[in-house]
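**Q** Provided below are the primary sequence and the corresponding predicted coordinates.
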Amino acid sequence: MSLEYIRENGGAIIYLQQEGRGIGLANKVAAYALQDVGLDTVDANTHLGFPEDARQYGVVPSLLADMGIDSIALMTNNPRKIERLLALGVNVEGTIPMVVPKVNQYNRKYLETKKERMNHRNFGSILSSDPGSIISSDYSPLEIVTPDKKYAIAEEFVTDGEEMAANAVAVALRDDPNQTGVKASEDGYCFGRRSVEDAIAAVARGELIVVVDDESRENEGDFIMAADRCTPKAMAEFIRYSSGVICIGMEGKRMDALELPPMVVDNEDPKETAFSVSVDATSEHGITTGISATDRAKTSVMLAKQDSKASDFHRPGHIFPLRAKENGVLTRDGHTEAAVDFARLAGSSPAGLLCEIVSEENPVEMARLPELKRFCKKHGYVLTSIADLQQYRRDTGL
């Protein structure tokens, strides 16, 4: 329908690889199997462990800018798309309805779910009760009655659907249960380009992401977020699950402007992590002892501000600035550079907070990839890797 509209009226299509509302083709096949036996499109997604809509749109503003498009009329019935694009700064001037001309026994339940559970608009009266419809408005899953029991046929396939999804996901590197660390595949990615796009969108929303480095390097996962988006709550989240040594990756020229010298003259760190002297913002900015989540969040935001001065900080303190290499992860494959790159790509000041995640299962050790996958799934964090970010920057030139 959208292609026909564009052919007749003009327009543009931006294709994002987000099949099945973002859960991927293999998982969508499993969702379809559940829908065939009575679950609606929302319940099918959630039963398989996915949100009802997992699509992300963080890359759209830059694509529109590259195309020279300042505002759009969006072809959609979905208010979530409008809300997400507006939140990303896209000028959405209106919508163009995309509605099928007629409801039948095959599409009624799907359209009703879209309207009633996903708040889709523009359907008008096409979903009004149709006495001649094979599927009535109170349609429910088919039930089988036997002499000794009654059960919904969906129950038999629910487990099958879960197994289908598990098998499909296990094939993907991202959920390979035997994967002990990150190693880029032939295309340069580990978790895939979309993991980077999702991470950029999450950072733009002020969220923490989890970034892992190569298995042959530290083989650790760090929390990363844009420093200028840090809140006391976000800082408390950092501290709760991490080593508590909160660092901030910064560009060298900015550290020079703030008079942040190296912590030592002769850096003997095996990974050449470039620590500067630690800092707190001064009491004029509301800082007390400097160690609380509130104080550390204030210091982090101050360090990210482009108009902050050296006199706004005293030394030593409780936040550890790290000098990032120029050109970020394309020069050095470290979390310091990844933090700066993610903050910059998300449209924030090029300063990113980072801290290593401690194992919940073995608190005397750092969390490694198998546990980090479970951790991210449990808490809802986006997981990506430095290898993925490197390849994304090569592909996009950003």
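**A** Done, it's in.
**Q** C-alpha from now on. contacts and neighbour counts both.
**A** Fine.
**Q** Poorly predicted segments of the stretch 51-200 of the chain, please.
**A** Low-confidence segments of the stretch 51-200 of the chain, defined by pLDDT under 70: 101, 106, 114, 118, 121-181.
**Q** hmm, try it at 80
**A** 52, 97-184 (pLDDT under 80).
**Q** Strands of that one, start to end?
**A** 71-75, 91-96, 143-145, 150-152 (DSSP state E, counting those that start in this stretch).
**Q** The longest one - contacts with which helices or strands?
**A** Contacts defined by 3 or more CA pairs under 8 Å, 6 or more residues apart in numbering; DSSP states H and E place strand 91-96 against strand 71-75, helix 79-87.
**Q** Figure out which of these is closest to Pro370.
**A** Of all the helices and strands packed on strand 91-96, it is helix 79-87 that lies closest to Pro370, at 31.4 Å by CA to CA.
**Q** what distance separates the helix or strand where Lys233 lies from the middle of the whole chain?
**A** Using DSSP states H and E, Lys233 sits within helix 232-241. The chain centroid and the centroid of helix 232-241 are separated by 18 Å under CA atoms, centre = their mean, to the nearest Å.
**Q** Show the average pLDDT along that helix.
**A** The pLDDT scores in helix 232-241 average 94.
**Q** Counting by contacts, list what the longest strand seen in the chain packs against.
**A** Taking DSSP state E as the criterion, the chain has its longest strand at strand 313-324. Applying 3+ CA pairs under 8 Å, 6+ apart, one finds that strand 313-324 makes contact with strand 247-251, helix 252-257, strand 279-281, helix 293-304, helix 335-345.
**Q** of those, which approaches Ala201 most closely?
**A** Nearest to Ala201, of the helices and strands packed on strand 313-324 and by CA to CA, is helix 335-345 at 9.2 Å.
**Q** residues in contact with the closest one?
**A** 199-200, 203-204, 211, 213, 222, 224-227, 248-251, 273, 322-325, 328-329, 349-354, 386, 389, 398 (CA atoms under 8 Å, 6 or more residues apart in numbering).
**Q** orientation of it relative to strand 247-251 in degrees?
**A** In terms of direction (axes from the mean of the first three to the mean of the last three CA atoms, to 10 degrees), helix 335-345 departs from strand 247-251 by 70 degrees.
**Q** Return helix 335-345 as CSV; C-alpha atoms alone will do.
**A** Extracted C-alpha coordinates of helix 335-345, given in CSV (Å, rounded to 0.1, in the frame of the first residue of the first chain):
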residue,chain,number,x,y,z
HIS,A,335,36.0,1.0,26.7
THR,A,336,37.3,4.5,27.2
GLU,A,337,37.1,5.2,23.4
ALA,A,338,33.8,3.3,23.2
ALA,A,339,32.2,5.6,25.9
VAL,A,340,33.2,8.7,24.0
ASP,A,341,32.1,7.3,20.6
PHE,A,342,28.7,6.2,21.9
ALA,A,343,28.1,9.6,23.6
ARG,A,344,29.0,11.5,20.4
LEU,A,345,26.9,9.2,18.2
